[in-house]
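Q: please work out how this folds:
(2 chains)
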Amino acid sequence: MTDLAMSTARGQSRIGKVALRWLLYIALGLFALYYLMPLFVMITTSLKSLEEIRTGDLISLPREVTFDAWKTAWATACTGIQCEGVRPFFWNSVLIAVPAVMISTLIGALNGYVVAQWQFRGSNLFFAALLFGCFIPFQVVLLPMARVLGLMGVAGTIPGLIFVHVIYGLGFTTLFFRNYYVSIPSELTKAAKVDGAGFFRIFWSIFLPLSLPIIVVTVIWQFTQIWNDFLFGVSFSQAGTQPITVALNNIVNSTTGVKEYNVDMATAIIAALPTLLVYVVAGKYFIRGLTAGSVKG
Amino acid sequence: MAPILDIKNLYKNYGQVEILKDINVSIDSGDFLVLVGPSGCGKSTLLNCIAGLEPISGGSLHIDGQNMTDVSPKDRDIAMVFQSYALYPTMSVAKNITFGMKVRGVDAATQDSKLKQVAQQLQIEQLLSRRPGQLSGGQRQRVAMGRALVRDPKLFLFDEPLSNLDAKLRVEMRTEIKELHQRLGASMVYVTHDQIEAMTLATKIVVMKGGVIQQIGSPAEIYNRPANLFVADFMGNPAMNLIPAKAKANGEGTKIEITRKDGAPIILTDAKNRNLPEDVIIGVRPEDIAEPDFRASQDAQQAECRVDIVEPAGADTFVVMQMGGKQVTARLHAETSAKPGQMQRLAFDLGKVSYFAPDSGQRLN
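A: Numbering: from 1, shown residues only, chains lettered A, B, ... in the order given. A predicted model of the protein is given here:
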């Protein structure tokens, strides 16, 4: 009798558990759907013709899939008076982002290595100042930065934008590497010193080979920041050096007459693709790298 | 011959804090110097100063006659083994061992032959292609030693190299290090907080406390004639019994009176030591209190003592008693008849006792 009662109770609680689990999955699924909705609308809209957009439903699938909008967006859409699509701007962004990411990551690694392993008088103050830089809003530095770029003679050029992004990224890249390197025992540096290795030798032979997870984190972070940047891009560029975010804005905001939603959507997706790709390729390292150090034995 | 390591008036400050005060040590070639003391006594800092990893604030440091006070670690001709082993995690064992030679531009053939020689010496040939992460603690320890040995330096430095190993392995590696020292005849400086390691390994011990050297001497000197109460208490396990007593000179020598709360005071007569102040602390090693038939010495004085606790430890049996308000431990033989709560006749070997001044803690005899 009691056995039976108990087993029923256990059975009920098991059913309850399963139901709870399903409820959880359904809730999560709904959230995921909600988050994916805009992407869905963007993709379907970009594959529709203007005619279909005007007559059809926002969330319906395209009756006839066409890549015309993508072609227009890439090669012939007008950004103001110029009608070459986003292609030149896409390459501008690549030319800005790739060197800026590489340089800021490398300098950040060196900075982090110094702050974590080669403490000098005032190194904590130096690190605090760098950290402070992370929290200065972009808008505050616009005017001084414009003046500096002018003095350097790189105003409106791609090297100028690279410079801005490197400077602005250093706070974060240093923070990432410093926190990673601080968990590496200082005895390693000491052992290498006794072995006869110098500052750069130790960095190159011992610290960099250990750094893959944090390099991935930094590259993803920096690439996303720099690629998606609009404010610096619009402030410190001129015709011919504008990044893709500026072009996207121009295409969407400066068209006259009929709004070509399909082209707008295609442009937006093109502008977002590289960061998406970087995250998909290196995402698992991103999570791993963020939690590294805390679990390293 | 110039001493292999000569430290004179060394000071080390961090800001206002004095970590090391007026350190003077020198050792000859082939010596095994052990720096021992409780945590925070500055022994590791001193080792780092010898290595050149920490700049010193005052004084001088010579290695093999050359002034190394301001020379960088790589030019001091030293090798160091660290507590955490500090193996380079992304390099194989072979690369770990040859890294120093590679940095110094030693040619590949020499690197290879030296690697082989050291690997054979330490029996780590089968590990050479592995990464440090794939090794056990003992194996890592060997690799770390290999990295030091391959350099063939003037001076080996060890920073608590055994403290991360389990008890059994620690004893094995201790013996191995001692054997290595005897075979190579190399000069070594070794830091530990373990006084047994210090006693077993050293040819010369430096006992430190609070950045000040308490005593320098051979293991026997440190053990038998501790310079002050700190050294007496720190070296030896179980620790030396330090019992407050009254000393009174009379015709035959000095009468030592130790009070007991449950009976008449113990009165011993020390024929050798005279001119003791009235208040003394008498230091007796546990093995110098024995049953009269065992370890009898001509300086032994007998007394009846009440045994409180009996602790058999295999080879010996420790008995604990109360004297002068202190717990006193005696090391008796394994088959002792001592029983808790009973009186036991014990012989105190007064030929080996130490006397200390209670206020200054300094040795009196």
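Q: so who does the residue nearest the centre of chain A touch?
A: Nearest to the mean C-alpha position of chain A, by CA atoms, centre = their mean, lies A:Thr224 at 1.7 Å. Applying CB atoms under 8 Å, 6 or more residues apart in numbering or on different chains, we find A:Thr224 in contact with A:275, A:278-279. In this view, the C-beta of every residue, glycine as well, is placed from N, C-alpha and C.
Q: try 6 Å this time
A: For A:Thr224, the contacting residues are A:Thr275, by CB atoms under 6 Å, 6 or more residues apart in numbering or on different chains.
Q: can you pull out the helices in chain A?
A: With DSSP state H, the ranges of helices along chain A come out as A:2-46, A:50-55, A:68-71, A:87-117, A:123-134, A:138-152, A:158-181, A:186-194, A:199-202, A:212-228, A:231-235, A:244-253, A:261-291.
Q: can I get those in TSV including mean pLDDT?
A: Shown next, in TSV, are the helices of chain A (pLDDT from 0 to 100):
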stretch	mean pLDDT
helix A:2-46	83
helix A:50-55	84
helix A:68-71	88
helix A:87-117	94
helix A:123-134	89
helix A:138-152	91
helix A:158-181	93
helix A:186-194	92
helix A:199-202	94
helix A:212-228	91
helix A:231-235	92
helix A:244-253	88
helix A:261-291	83
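Q: remind me which helix or strand the residue nearest to the spatial centre of chain B belongs to.
A: Geometric centre of chain B, nearest residue: B:Ala198, 2.6 Å, by CA atoms, centre = their mean. In this assignment (DSSP states H and E), B:Ala198 forms part of helix B:195-201.
Q: export that helix as PDB, just CAs?
A: Extracted in PDB, the C-alpha atoms of helix B:195-201 (Å, rounded to 0.1, in the frame of the first residue of the first chain):
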ATOM      1  CA  GLN B 195      63.700  21.600   9.100                       C
ATOM      2  CA  ILE B 196      64.100  17.900   8.300                       C
ATOM      3  CA  GLU B 197      65.000  18.700   4.700                       C
ATOM      4  CA  ALA B 198      67.400  21.200   6.000                       C
ATOM      5  CA  MET B 199      69.100  18.800   8.400                       C
ATOM      6  CA  THR B 200      69.400  15.900   5.900                       C
ATOM      7  CA  LEU B 201      70.600  17.900   2.900                       C
END
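Q: give me the phi and psi angles of residue 84.
A: Chain wasn't specified; assuming chain A. Main-chain torsions, A:Glu84, degrees, to the nearest 10: phi -120, psi 10.
Q: my bad, chain B
A: Per degrees, to the nearest 10, the backbone of B:Ser84 is at phi -90, psi 10.
Q: show the pLDDT at B:Leu268.
A: On the pLDDT scale, B:Leu268 is placed at 87.
Q: I meant to write A:Gly198 there.
A: At A:Gly198, the model reports a pLDDT of 91.
Q: distance check, it against B:Ala144.
A: 21 Å (CB to CB, to the nearest Å).
Q: who's more crowded, those two?
A: Applying other CB atoms under 10 Å in any protein chain shown to A:Gly198 and B:Ala144 shows that B:Ala144 carries more neighbours, namely 24 against 13.
Q: show me the helices in chain B, by range?
A: Assigned by DSSP H, chain B shows helices spanning B:43-51, B:93-103, B:108-122, B:137-149, B:167-184, B:195-201, B:219-224, B:229-234.
Q: who does the helix holding B:Ala198 touch, helix- and strand-wise?
A: The contact analysis (3 or more CB pairs under 6 Å, 6 or more residues apart in numbering or on different chains; DSSP states H and E) places helix B:195-201 against strand B:32-36.
Q: using CSV, list the CA coordinates for the strand it packs on.
A: In CSV, the C-alpha atoms belonging to strand B:32-36 read as follows (Å, rounded to 0.1, in the frame of the first residue of the first chain):
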residue,chain,number,x,y,z
PHE,B,32,75.2,22.6,0.2
LEU,B,33,73.7,25.7,1.8
VAL,B,34,70.1,25.5,3.1
LEU,B,35,68.2,28.6,4.0
VAL,B,36,65.5,27.6,6.5
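Q: mind checking pLDDT for the residue of the stretch 251-365 of chain B found nearest chain A?
A: Per CB to the nearest CB, B:Gly361 is where the stretch 251-365 of chain B lies closest to chain A, at 35.2 Å. Here, the pLDDT recorded for B:Gly361 equals 92.
Q: neighbours of residue 225, how many?
A: Let's take chain A. By other CB under 10 Å, the residues close to A:Gln225 number 18.
Q: that's the wrong chain, I meant chain B
A: B:Arg225 has 16 neighbours, counted by other CB under 10 Å.
Q: what about stretch A:69-88, start to end distance?
A: Stretch A:69-88 has its terminal residues 17 Å apart, counting by CA to CA, to the nearest Å.
Q: ok, residues contacting that stretch?
A: Contact with stretch A:69-88 is made by A:46, A:244, A:247, A:250-251, A:254, A:262-263, A:266-267, A:270, as judged by CB under 6 Å, 6+ apart.
Q: go through that stretch and flag the buried ones.
A: When neighbours are counted by 16 or more other CB atoms under 10 Å in any protein chain shown, the buried residues of stretch A:69-88 are found to be A:69-70, A:72-74, A:77-79, A:85-88.
Q: quick one, domains of chain A?
A: Annotated domains of chain A cover A:2-72, A:76-291 [automatic domain parsing].
Q: please apply the same query to chain B.
A: With domains defined by automatic domain parsing, chain B comprises B:5-234, B:241-356.
Q: mind checking the end-to-end distance for the last one?
A: Between the opening and closing residues of domain B:241-356 there is a gap of 12 Å (CA to CA).
Q: also stretch B:293-300?
A: Stretch B:293-300 has an end-to-end distance of 11 Å (CA to CA).
Q: hmm, back to that, any chance of the helices of chain A in TSV, plus distance to B:Gly263?
A: Output for the helices of chain A, formatted as TSV (distance: least, CB to CB, whole Å):
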stretch	distance to B:Gly263
helix A:2-46	68
helix A:50-55	109
helix A:68-71	105
helix A:87-117	64
helix A:123-134	63
helix A:138-152	85
helix A:158-181	66
helix A:186-194	56
helix A:199-202	68
helix A:212-228	71
helix A:231-235	91
helix A:244-253	95
helix A:261-291	67
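Q: quick one: closest of those helices to B:Ser136.
A: Nearest of those to B:Ser136, taken as CB to CB: helix A:186-194 at 19.0 Å.
Q: any idea how far B:Phe318 is from B:Arg151?
A: B:Phe318 is 45 Å from B:Arg151, by CB to CB.
Q: so which of these two has more stuff around it?
A: Using other CB under 10 Å as the criterion, B:Phe318 and B:Arg151 rank with B:Arg151 on top: 22 against 17.
Q: and whichever residue of the stretch 1-150 of chain A sits closest to chain B, how far from B:Asp70?
A: Residue nearest to chain B within the stretch 1-150 of chain A: A:Arg121 (10.6 Å; CB to the nearest CB). Distance from A:Arg121 to B:Asp70, counting by CB to CB: 18 Å.
Q: those two: who's more crowded?
A: Using other CB under 10 Å as the criterion, A:Arg121 and B:Asp70 rank with B:Asp70 on top: 10 against 7.
Q: now for that one: which residues touch it?
A: B:Asp70 touches nothing, counting by CB under 6 Å, 6+ apart.
Q: make it 10 Å
A: Shown in contact with B:Asp70 (CB atoms under 10 Å, 6 or more residues apart in numbering or on different chains): B:52, B:55-56, B:60-61.
Q: the nearest residue in space to B:Asp316 that is not next to it in sequence bridge partners, please.
A: Closest residue to B:Asp316 apart from its sequence neighbours, by CB to CB, 6 or more residues apart in numbering or on different chains: B:Arg331 at 5.0 Å. Beta-bridge pairing for B:Arg331 (DSSP bridges): B:Phe318.
Q: number of nearby residues for B:Arg331?
A: Around B:Arg331 there are 19 residues (other CB under 10 Å).
Q: what does B:Asp270 give?
A: 23.
Q: go on, B:Arg131?
A: 16.
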